[in-house]
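Peer 1: make a model of this:
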Amino acid sequence: LSGMVAMIVMRTLHADIRRYREMDTQEEAQDETGWKLVHGDVFRPPAFRMLLSVLVGSGVQVFSMTLVTLVFALLGFLSPANRGGLMTAVVILFLLMALCSGYFSARTYKIFKGTDWRKNALMTATLLPSIIFAIFFILNVELGLEKSSGYVSFKILIGIVVLWFAI
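Peer 2: Predicted coordinates:
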């Protein structure tokens, strides 16, 4: 089945390419439709290249942190008997994987011919953590108002912010 589909696609593309080469005038070239019109858009840099590169870097950071955490758990380094060990490992690995985040964000931004690399580095370091911290803070305030045992004290929140800015 896949061979049959490949043959149909190859015949169609071959006929389109042959017709494209046989065009005599510029008017005929402008009348083209379909995938030939898209080729100019494929290699154009995106409008929000900064945001895309920051999100790519943050995605690499979260993915690599998750992957390393799962590998450590599979190898037995993160025992369920050690209370809080998994969350400690996640936070530490998230901080360490910021190196991957910065590299891939800067690399993506450079591929899209971005010039403001300082802003890119600052946004990569602050965008995702600030969103996560804002959500956590709002949920923590609600837990505090309900007098829940899951409430995290203000001193620990200050410690997390210090870790965020110090590393």
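Peer 1: quick check: phi and psi on residue 148?
Peer 2: phi -80, psi 150 (degrees, to the nearest 10).
Peer 1: the one 5 residues further on too?
Peer 2: Residue 153 adopts backbone torsions of phi -70, psi 160, taken as degrees, to the nearest 10.
Peer 1: ok, it - how many residues close by?
Peer 2: Using other CB atoms under 10 Å, residue 153 has 10 neighbouring residues. (Each C-beta comes from the backbone N, C-alpha and C, glycine too.)
Peer 1: residues contacting residue 105?
Peer 2: 53, 54, 56, 57, 58, 60, 120, 121, 124 (CB atoms under 8 Å, 6 or more residues apart in numbering).
Peer 1: so where does the fourth one fall, helix or strand?
Peer 2: This means residue 57. helix 49-75 (DSSP states H and E).
Peer 1: following that helix, which helix or strand shows up next?
Peer 2: helix 85-96.
Peer 1: can you list contacts of that following helix?
Peer 2: With CB under 8 Å, 6+ apart as the criterion, helix 85-96 contacts 61-62, 65, 68-69, 72-73, 77-80, 163, 167.
Peer 1: the same query, at a cut-off of 10 Å, please.
Peer 2: 61-62, 64-69, 72-73, 77-80, 82, 101, 128-129, 132, 160, 163-164, 166-167 (CB atoms under 10 Å, 6 or more residues apart in numbering).
Peer 1: list buried residues within those.
Peer 2: 61, 62, 64, 65, 68, 69, 78, 101, 128, 129, 164 (16 or more other CB atoms under 10 Å).
Peer 1: just give me the least confident of the residues you listed.
Peer 2: Note: of these, the lowest pLDDT belongs to residue 164, at 74.
Peer 1: that residue and residue 146, how far apart?
Peer 2: 26 Å (CB to CB, to the nearest Å).
Peer 1: fine by me, we can end here.
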